[in-house]
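Colleague: have a look at this prediction, sequence included:
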Amino acid sequence: MRKVDVFGKKLTRFSIFVWIAGFFVIILAGYFLILNLHVNQLDALEQEKQLLQIQIDSLLTKQEEEKFYNVEDIIQYLPNTFNQNQTGVEIELLRNLSGLSDANNYKITFTQDASSPFTQTLPSTVKFVSISISMTAPDIVSVFTFIRNIQNQNNIYYIKSINISLNTNGSASVQLVIYTFYNDVQI
């Protein structure tokens, strides 16, 4: 076989097919390398997903400890006066935080010197204020968030009744009756 061509240039023994085969091997090796990298990342994400799911399940099954006190036990912690404006602003803030700021037909009514919602007799210095709230909420989840927010307040509220009616358009008609208390004594 000749080592030079007709023009005197050296002939190489590599043909174009060798170059194509080498290029194909490099491409194939790169493909499997990238595929292996993605499979490893997918496995790591799957393990992280399982860990997060375990954490979510443990949080959902964890029961919060709630303590219920008798009114006699908390009389000393009750405020001495009732401020309707302050309570109204607080409930309005809770409503907005719960996603109910766009609730239709929102109405709040305060009834001071309401009768006791409890069957047990209490000292005459404990005064009750009934708060009636009615609205049409855009969704039911916001209503439950609102109720949880009321329960988590520093002020003492007693939720006497909750009436929720689901409407055909997905909204909910809500009527709440809650009580707050104060100990009408002079300090």
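Modeller: Nice, I can see it. Remember, it's a predicted structure, so these values are computed and weren't measured experimentally. Numbers count the residues shown, from 1 in each chain.

Colleague: what's in contact with stretch 32-39?
Modeller: By CB atoms under 8 Å, 6 or more residues apart in numbering, no residue outside stretch 32-39 reaches it. C-beta here means a position set from N, CA and C on the backbone, and glycine is covered the same way.

Colleague: give me the average confidence score over it.
Modeller: Average pLDDT, stretch 32-39: 96.

Colleague: and the strands in this structure?
Modeller: 104-114, 126-137, 157-166, 172-183 (DSSP state E).

Colleague: export the ones you listed as CSV, with columns for mean pLDDT.
Modeller: Output for the strands of the chain, formatted as CSV (pLDDT from 0 to 100):
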stretch, mean pLDDT
strand 104-114, 90
strand 126-137, 91
strand 157-166, 88
strand 172-183, 89
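
Colleague: ok, the spatially most central residue of the chain - contacts?
Modeller: Nearest residue to the geometric centre of the chain (CA atoms, centre = their mean): T145, 8.4 Å. If a contact means CB under 8 Å, 6+ apart, then T145 has 98-99 as its contacts.

Colleague: and the pLDDT for it?
Modeller: Confidence for T145, expressed as pLDDT, is 88.

Colleague: so how far is L100 from it?
Modeller: Distance of T145 to L100, computed by CB to CB, to the nearest Å: 8 Å.

Colleague: same question, I150
Modeller: Using CB to CB, I150 is found at 12 Å from L100.

Colleague: equivalent analysis for P138, please.
Modeller: 8 Å.

Colleague: more neighbours, those two?
Modeller: Comparing P138 with L100 by neighbour count (other CB atoms under 10 Å), the higher total belongs to L100, at 22 against 18.

Colleague: so that one touches T136, yeah?
Modeller: No. Using CB atoms under 8 Å, L100 makes no contact with T136, being 9.8 Å away.

Colleague: ok, which stretches of the protein are helices?
Modeller: 16-61, 71-74, 84-97, 140-151 (DSSP state H).

Colleague: most tightly packed of these?
Modeller: Highest mean neighbour count of the helices of the chain: helix 140-151, a mean of 17 (counted as mean count of other CB atoms under 10 Å).

Colleague: how far off strand 126-137 does it point, in degrees?
Modeller: Comparing the axes of helix 140-151 and strand 126-137 via axes from the mean of the first three to the mean of the last three CA atoms, to 10 degrees yields an angle of 160 degrees.
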